[in-house]
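In: Next come a sequence and a model predicted from it.
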There are 2 protein chains.
Amino acid sequence: MSMERPTSSIEVCFSPLLFPLYDHSDSIVVVVDILRATSSIITAFHHGVERLIPVRTLEEAKSYKDKGYLIAAERDGRVLDFADFGNSPDNFMTEDIRDATIVYSTTNGTQAIQMAGRAHQVLVGGFLNISALADYLSAQQQDVLILCAAWKNKFSLEDSVFAGALTDKLLESGLFHTICDSAHAARDLWLLAEGDLVSYMDKAANRTRLKKLGLDQAIEYCHTRDVTDVIPVLEKGELVLLKRS
Amino acid sequence: MSMERPTSSIEVCFSPLLFPLYDHSDSIVVVVDILRATSSIITAFHHGVERLIPVRTLEEAKSYKDKGYLIAAERDGRVLDFADFGNSPDNFMTEDIRDATIVYSTTNGTQAIQMAGRAHQVLVGGFLNISALADYLSAQQQDVLILCAAWKNKFSLEDSVFAGALTDKLLESGLFHTICDSAHAARDLWLLAEGDLVSYMDKAANRTRLKKLGLDQAIEYCHTRDVTDVIPVLEKGELVLLKRS
């Protein structure tokens, strides 16, 4: 029986502000913003969107609007008046978006996606596609860095617990190791939360925020595992569907 | 029976890089660097040091040396050649330091102390003085922000678990509340670790780092609760003993 040492590493970054501390040029970066950008993006691809163009500023989003693009945009949980979609997954649960290109700007999620642009590969993750992600990553023999979009750069519980869930799956595969304190902590939080994930999230600040905005119906869905196999990937600054052999 | 709402808030900041995100001007900031700066500083005051001058750069430390001061200085876990002390608590377990002034510079800890300078009050915390800290904080009716010194700005398990332990004590007092995801996460990690703290820390990167440097004998001591009642406080840029009525 061969006992090979696992060769790929896992790291977890709890905030985009900390991202420059990580050497990610050879890593696959998985960007996560559970409530709600990456959950919504995964949902959009599951319903047939062809391309999503993440943009950082509202000015960029507006200039795309002027060119006739569909726009999804929110700030601080509120849909902007010039936008066609908000940032809730249910906005994208429609056949109307099949084969569409949508320009996407949010408070935290899309900025994290753009920030990761120089990595070996940038994937969009969430509970919705976690097993597909874990399977794909396990086949790549590449280091993995999970980037939590957080809330205005502050640690967010739901993103971190997801990072722990993905870390746990990858470590369980035997193909990965970690010496990253954030990854250990995230995994331990996941193991605590796993039995009743939505109840565990009761104390998350983002959940309280969404409740106040009347957007809390998305919470349970965003914490549901394996709704889809789609994995959005960043290619030349745009998100498209990852093609797997 | 009166049911007053707890009025003081607790927040936890996992990295000095994230510190500017927190409004701390009205808060008491507790700086923590369990392995090993704040554990060593507490030990020094327990053994009678009168003043500690935290400095950021080695150049500053050297210029104090030229003026005849005692110097404690390390970088990356190594004692510097011009220094009188390293950064291990056992360096300060001696009567020789009674009434002394020591200039102190470390990789992470003293920089975090200086960064917090504009807060309402800056205290130095660790497992060594945790109950004294909790008692003092509970009597102040002031918001508390726990600043983890981390390792080169990356999340560190031992600092975060301490932050969780202090958060737990303060919440248990009934005089505090928190809506901070980092505080919730840290508390949950503490509740996991509490039963066998030193074993839990086995996976911490800093522990591995200290083992490699032959400095791991400090680890158990640095995780021991309530060795002392002393609380170092920052006054005019220098650490002195907090006087309590």
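Out: Thanks, I have it. Here the structure is a predicted model, which means the values were calculated and not measured. Numbers count the residues shown, from 1 in each chain, chains lettered A, B, ... in the order given.

In: Hmm, residue A:124 is touching residue A:38, no?
Out: Yes. Residue A:124 lies in contact with residue A:38 (Cβ atoms under 8 Å); the separation is 4.9 Å. C-betas here are computed from N, CA, C, even on glycine.

In: what sits in contact with each of those two?
Out: Taking Cβ atoms under 8 Å, 6 or more residues apart in numbering or on different chains as the contact rule, residue A:124 and residue A:38 both touch residue A:31.

In: Against residue B:18, how distant is the residue nearest the centre of chain A?
Out: Compute the mean C-alpha point of chain A, and by Cα atoms, centre = their mean the closest residue is residue A:32, 2.5 Å away. Note on residue A:32: its distance to residue B:18, by Cβ to Cβ, to the nearest Å, is 18 Å.

In: With residue A:215 instead?
Out: Taken as Cβ to Cβ, the span from residue A:215 to residue B:18 is 26 Å.

In: now residue A:65
Out: Counting by Cβ to Cβ, the gap from residue A:65 to residue B:18 is 34 Å.

In: and the closest residue to residue A:87 other than its chain neighbours, how many residues sit next to it?
Out: Nearest non-adjacent residue to residue A:87, counting by Cβ to Cβ, 6 or more residues apart in numbering or on different chains: residue A:74, 4.3 Å away. Close neighbours of residue A:74, defined as other Cβ atoms under 10 Å in any protein chain shown, add up to 24.

In: what does residue A:236 give?
Out: The burial count for residue A:236: 6, using other Cβ under 10 Å.

In: how about it, phi and psi?
Out: Per-residue torsions, residue A:236: phi 50, psi 50 (degrees, to the nearest 10).

In: circling back to that earlier point, among residue A:65 and residue B:18, which residue is more densely surrounded?
Out: Using other Cβ under 10 Å as the criterion, residue A:65 and residue B:18 rank with residue B:18 on top: 23 against 18.

In: quick one: contacts for the more buried one?
Out: By Cβ under 8 Å, 6+ apart, the contact set of residue B:18 is A:15, A:17-18, A:153-155.

In: Among those residues, which lie within strands?
Out: With strands taken from DSSP state E, there is no overlap with the contacts of residue B:18.

In: would CSV of these with pLDDT be doable?
Out: Below are these laid out as CSV (pLDDT from 0 to 100):
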residue, pLDDT
A:15, 97
A:17, 96
A:18, 97
A:153, 96
A:154, 97
A:155, 97
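
In: ok, of the residues you listed, which one's closest to chain B?
Out: Sorting the contacts of residue B:18 by how near they are to chain B, with Cβ to the nearest Cβ, puts residue A:155 at the top with 4.4 Å.

In: Excluding chain neighbours, what is closest to the closest one?
Out: Excluding the flanking residues, the one nearest residue A:155 by Cβ to Cβ, 6+ apart is residue B:182, at 4.4 Å.

In: Wait, the one you found touches residue B:10, no?
Out: No. Here residue B:182 does not reach residue B:10: they are 9.8 Å apart, not a contact under Cβ under 8 Å.
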